[in-house]
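Student: what follows is a predicted protein model with its sequence.
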Amino acid sequence: MAQLGRWLVVLGLTAVVIGLGLMAWERLGLPRVQLLRLPGDIVVEREKFRLYIPIVTGIVLSVILTVLFNIFRK
């Protein structure tokens with residue numbers, strides 16, 4: 001159980017570091033980067049509305065993470 005707690009702390013700290021990095025990126029005025037916009041993702045744009053549903057991106061990330069976890073589990 002203690003190991004689970006450590007992993008949650010590591011994941012939380014990683015999320016904080018990534019969040020701070022994104023905030024710094026925006027404040028420095030650096031250009032926005034579109035990550036993993038694959039064909040098959042749904043994008044609906046209207047006048048004051050934008051909806052992005054990353055269906056294919058989610059599937060690809062799921063497959064990649066599954067393969068990585070299976071490799072490192074052994």
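Tutor: Received, thanks.

Student: where do the strands sit along this structure?
Tutor: In the chain, the strands defined using DSSP state E lie at 42-46, 49-53.

Student: got those as TSV, with distance to Ala15 and mean neighbour count columns?
Tutor: The way it works is simple: take the backbone N, C-alpha and C, and place the C-beta from them, glycine included. Formatted as TSV, the strands of the chain follow (distance: least, CB to CB, whole Å; neighbours: other CB atoms under 10 Å):
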stretch	distance to Ala15	mean neighbour count
strand 42-46	26	9
strand 49-53	21	9
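
Student: closest to Leu22 out of those?
Tutor: With respect to Leu22, and counting by CB to CB, the nearest of the strands of the chain is strand 49-53 at 16.8 Å.

Student: that closest one to strand 42-46, inter-axis angle?
Tutor: Counting by axes from the mean of the first three to the mean of the last three CA atoms, to 10 degrees, strand 49-53 lies at 180 degrees to strand 42-46.

Student: from the contact counts, what lies against strand 49-53?
Tutor: strand 42-46 (3 or more CB pairs under 8 Å, 6 or more residues apart in numbering; DSSP states H and E).

Student: give me the contact list for the strand it packs on.
Tutor: 50-53, 55 (CB atoms under 8 Å, 6 or more residues apart in numbering).

Student: picking that back up, quick one, which of the strands of the chain gets closest to Leu4.
Tutor: That would be strand 49-53 among the strands of the chain, by CB to CB, at 31.7 Å.

Student: and that closest one, C-alpha only, in CSV?
Tutor: The C-alpha coordinates for strand 49-53 follow below in CSV (Å, rounded to 0.1, in the frame of the first residue of the first chain):
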residue,chain,number,x,y,z
PHE,A,49,-17.8,27.6,-29.7
ARG,A,50,-15.2,24.9,-30.3
LEU,A,51,-15.7,21.2,-29.5
TYR,A,52,-12.8,18.8,-29.9
ILE,A,53,-13.3,15.0,-29.3
